[in-house]
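> only geometry, no sequence info:
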């Protein structure tokens, strides 16, 4: 019964997931509306100064089935990327896109693979993490794996070249994010109106002239009382 209603359920869930993702800085849907909810086209942006792919604007697509979220989606980059876990056609070798359940042949635990609790956002975040931290023990691109392991400088140079090519796909007028954090508010300098209005309102704990006179009077009274007590002691002797 649940599977019969899956197509409608899949599209309802995908609409919700897309609305959430449109608010993120690291993904850009260039069109205002997707004509096909089961096929998304967008760009993933790498915002990580430590990444070899920092500044990249990588166009990609993700395909869902009517059985989503019971079946994993398919993901591929639409730009060639030299990376140990990316095939020449742009598809990825990544556990989260593999069918649910434990796989004894690959050694992948069920917790590493797809489950209906996953979603498009978790897939795309995993892709971005994979870009920065390749799995070279079972590479999809053996040459890229060797390059990453043995000639890291050359690997990083290829990554930077890919980033520069990707920037040609940035839409006109689109500003690439540089940080996940919002810009700080502008600093206010020399706000004369603030100080003009505040001079008479702040009490910094100082005493005025009248208070000093009262303190002097109290000290004098204390000294006179002490002198008087001393004279009485002399008389008692």
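Sure, I can see it. Keep in mind the model is a prediction, meaning the values are calculated, not measured.
> C-alpha only now, for contacts and for neighbours.
Noted.
> how about the strands in this structure?
With strands called from DSSP state E, the chain shows them at 27-28, 39-45, 57-63, 74-77.
> now do the contacts for the closest residue to residue 60 other than its chain neighbours.
Closest residue in space to residue 60, ignoring its immediate chain neighbours: residue 77 at 4.2 Å, by C-alpha to C-alpha, 6 or more residues apart in numbering. Residues in contact with residue 77 (C-alpha atoms under 8 Å, 6 or more residues apart in numbering) are 58-61, 89-91.
> rewinding a little: is it possible to get JSON lines of the strands of the chain that adds distance to residue 116 and mean pLDDT?
Formatted as JSON lines, those follow (distance: least, C-alpha to C-alpha, whole Å; pLDDT from 0 to 100):
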{"stretch": "strand 27-28", "distance to residue 116": "22", "mean pLDDT": "97"}
{"stretch": "strand 39-45", "distance to residue 116": "18", "mean pLDDT": "96"}
{"stretch": "strand 57-63", "distance to residue 116": "16", "mean pLDDT": "97"}
{"stretch": "strand 74-77", "distance to residue 116": "14", "mean pLDDT": "97"}
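> what residue ranges in this protein score low on pLDDT?
Scanning the chain for pLDDT under 70 picks out the ranges 1-7, 32-34, 101-110, 180-237.
> what segments of it are helices?
Using DSSP state H, the helices assigned to the chain run over residues 6-21, 120-132, 142-150, 152-166, 192-198, 209-236.
> so which elements touch the fourth one?
Contact analysis of helix 152-166 by 3 or more C-alpha pairs under 8 Å, 6 or more residues apart in numbering; DSSP states H and E lists strand 57-63, helix 142-150 as its packing neighbours.
> could you do the second one as well?
If you count contacts as 3+ C-alpha pairs under 8 Å, 6+ apart, helix 120-132 packs onto helix 6-21.
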